[in-house]
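> Sequence isn't available, so here's the structure alone:
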């Protein structure tokens, strides 16, 4: 880990109007994540973990506070520049893979590179290398409907990593994977943090995965109530 601040979450709160009152999902969230650092966010269902992850990724806007990513105030940007910034700087893996059904695994993984202006040959080469790394070399030409649930999730993980983002945001990335494949994903996270100084924020119920992260925070009653060293959660 180096000292470069990748995520700086300052006093973030999220509320929704609910009839005559207001529903507070979380409030006064302060969170810093440096390059090469890995963080697991745990907590009960409905605690707001995915909402917080969406906020960190610029997919949802805080009611109060600021989210800075790689030195940029994410929610101060207009939508198009924010979308370009997300594509270049952030990777996303959510519970549902959101793969494009009409494209092969290779094409799905290459897509973020192509959208960012990379050549077809370079994008394809990078996508093939990542798919091989997650154990899908024999399945490059298969479409999502021809893949198992675990295979689709591995394609989604490769797609999130293909632009070599500064930070990857993951929502239950191992939830649909068997233990062996989950171990491969964990090893890949470790490799990327060491080689590329990629930062990871992982929302998970998988305690084995959480313990592999450098830090663990619990979202409870709208607050990150503790920040523990991995293995203590």
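Cool, got the structure. In this text the structure is predicted, and so the values were computed from the model without any measurement.
> Am I right that residue 58 is in a strand?
No. Residue 58 is assigned coil when assessed by DSSP: H, G, I helix; E, B strand; the rest coil, not a strand.
> Distance check, it against residue 145.
30 Å (C-beta to C-beta, to the nearest Å). Where C-beta positions appear, they are placed from N, C-alpha and C, glycine not excepted.
> Which one's more surrounded, those two?
When neighbours are counted by other C-beta atoms under 10 Å, residue 58 and residue 145 differ, and residue 58 comes out ahead with 21 against 9.
> Tally up the residues packed near the closest residue to the more buried one other than its chain neighbours, please.
Nearest residue to residue 58 in three dimensions, chain neighbours excluded: residue 74, at 4.6 Å (C-beta to C-beta, 6 or more residues apart in numbering). Residue 74 has 24 neighbours, counted by other C-beta under 10 Å.
> Contacts only, for residue 74.
58, 67, 68, 82, 85 (C-beta atoms under 8 Å, 6 or more residues apart in numbering).
> Need the three-state assignment for the most centrally placed residue in the chain.
With distances taken as C-alpha atoms, centre = their mean, residue 169 lies nearest the centre of the chain, 1.4 Å away. The three-state assignment at residue 169 reads strand, by three-state DSSP.
> what's the spacing between the nearest residue to residue 178 once chain neighbours are set aside and residue 38?
Leaving out its chain neighbours, the residue that sits closest to residue 178 by C-beta to C-beta, 6+ apart is residue 150, at 6.2 Å. According to C-beta to C-beta, residue 150 stands 22 Å off from residue 38.
> Between those two, which is the more surrounded one?
residue 38 (24 against 16).
> And the longest helix along the chain, what does it pack against?
What stands out as the longest helix in the chain, according to DSSP state H, is helix 179-195. Counting contacts by 3 or more C-beta pairs under 8 Å, 6 or more residues apart in numbering; DSSP states H and E, helix 179-195 packs against helix 149-161, strand 199-203, helix 207-212.
> just the ones you listed: most buried one?
Among the helices and strands packed on helix 179-195, strand 199-203 has the highest mean neighbour count (mean count of other C-beta atoms under 10 Å), at a mean of 26.
> Contact partners for residue 201?
7, 33, 39, 41, 53, 56, 167, 168, 169, 170.
> pLDDT and distance to residue 101 for those residues - can I get that in a markdown table?
Output for the contacts of residue 201, formatted as a markdown table (pLDDT from 0 to 100; distance: C-beta to C-beta, whole Å):
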| residue | pLDDT | distance to residue 101 |
| --- | --- | --- |
| 7 | 95 | 32 |
| 33 | 93 | 33 |
| 39 | 94 | 32 |
| 41 | 93 | 30 |
| 53 | 91 | 24 |
| 56 | 92 | 28 |
| 167 | 93 | 28 |
| 168 | 93 | 23 |
| 169 | 94 | 23 |
| 170 | 92 | 22 |
